[in-house]
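K.L.:
build me a model:
(one chain, ligands or ions: 1)
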Amino acid sequence: MSIKENLQHIKAELPKQVTLVAVSKTKPIELIKEAYQGGQRDFGENYIQELEDKHKQLPADIRWHAIGHLQSNKVKYIAPFVYLIHGVDSLKLLQEINKQAQKNNRVIDCLLQLFIAKEETKFGFSFEECESLFQSGEIEKLKNIRVVGFMGMATNTDNETQIRNEFRSLKNFFSHISSLTSHIAVLSMGMSSDYKIAIEEGSTMIRIGSSIFGERNYTKV
Ligand SMILES: *Cc1c(COP(=O)(O)O)cnc(C)c1O
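P.N.:
Predicted structure coming up:
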């Protein structure tokens, strides 16, 4: 199937509160244009240099999502234009985003990344750390960022029950914090392999790469 067909296929099944972010990391400009022509406006990238380059070359109405692990010293490159930063995993990083947003006269929306997987390779706060951060009052001090929700990645496993339980734990945390704080509205969870489960468990934003653009080393038969 073509990129446009893949997009249509995924969108046809999405509840309307769920936003589709097309993850275009490592994909060439031509393929992103194809998705754009198919009506897609939200794109996610992991690597800052790539995000910057693509932003320069592509239409200005694209909403660029930084979805990967972000280093503080890279924030300045995306602060002028980034739409949403998904992977915030420390107060220090939030403070840097705030500083760079201020320089650009903007308020930047951020998601805090929660560690929900049983893997050592994924970043993020524990639920306890994240709740303490809200209680500390440090977030409110930062006038040029807005924490609008959470992001999480489930374990890379075939065990559907485990994936479901991990997403459910994040959804419960999301509901808990949104009852205490304003602005919390986005729950970014679900990738190509597990987005259907994520939606059933309350995701409002899915990040899909390979199901739109094909596997990185995909060969047509
Ligand atoms: C690559 C990536 C995705 C998309 O993964 P697919 O399996 O290709 O859909 C989503 N989220 C993050 C954080 C990623 O790095």
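
K.L.:
quick check: chain neighbours aside, which residue is closest to K76?
P.N.:
Q100 (5.0 Å; CB to CB, 6 or more residues apart in numbering). All C-beta spots, glycine's among them, are computed from the backbone N, C-alpha and C.

K.L.:
need the next SSE after the host helix or strand of the one you found, C-terminal direction.
P.N.:
Assigned by DSSP states H and E, Q100 belongs to helix 91-103. The element immediately downstream of helix 91-103 (helix or strand, assigned by DSSP H and E) is strand 108-114.

K.L.:
circling back: correct me, but the residue nearest to K76 touches V75?
P.N.:
Yes - using CB atoms under 8 Å, Q100 is in contact with V75, at 4.9 Å.

K.L.:
the closest residue to E200 other than its chain neighbours - how many residues pack around it?
P.N.:
Excluding the flanking residues, the one nearest E200 by CB to CB, 6+ apart is R164, at 7.6 Å. Residues within reach of R164, counting by other CB atoms under 10 Å, total 16.

K.L.:
so R164 sits right up against I197, yeah?
P.N.:
Yes - contact criterion CB under 8 Å: R164 and I197 qualify, at 5.3 Å.

K.L.:
what about the longest helix belonging to the chain, near the ligand?
P.N.:
In terms of residue count, the longest helix belonging to the chain (DSSP state H) is helix 160-180. No - on the criterion CB under 6 Å from any ligand atom, helix 160-180 is out of touch with the ligand, staying 13.0 Å away.

K.L.:
how about that helix: buried residues?
P.N.:
163-164, 166-167, 169-171, 173-174, 177 (16 or more other CB atoms under 10 Å).

K.L.:
with stretch 65-73 instead?
P.N.:
Neighbour-count burial for stretch 65-73 [16+ other CB under 10 Å]: 65-68, 70.

K.L.:
contacts for the longest helix of the chain?
P.N.:
By CB atoms under 8 Å, 6 or more residues apart in numbering, the residues outside helix 160-180 that reach it are 114, 116-118, 127, 130-131, 134, 149-150, 152, 154-155, 157, 184-185, 187, 189-190, 194, 197-198, 200-203.

K.L.:
now with 6 Å, please.
P.N.:
Applying CB atoms under 6 Å, 6 or more residues apart in numbering, the contact partners of helix 160-180 are 114, 116, 127, 150, 152, 154, 184, 187, 189, 194, 197-198, 201-202.

K.L.:
what's the local residue count around whichever residue of the chain sits closest to the ligand?
P.N.:
Closest to the ligand within the chain is G209: 2.7 Å, counting by CB to the nearest ligand atom. Using other CB under 10 Å, G209 has 21 other residues around it.

K.L.:
nothing else from me, thank you.
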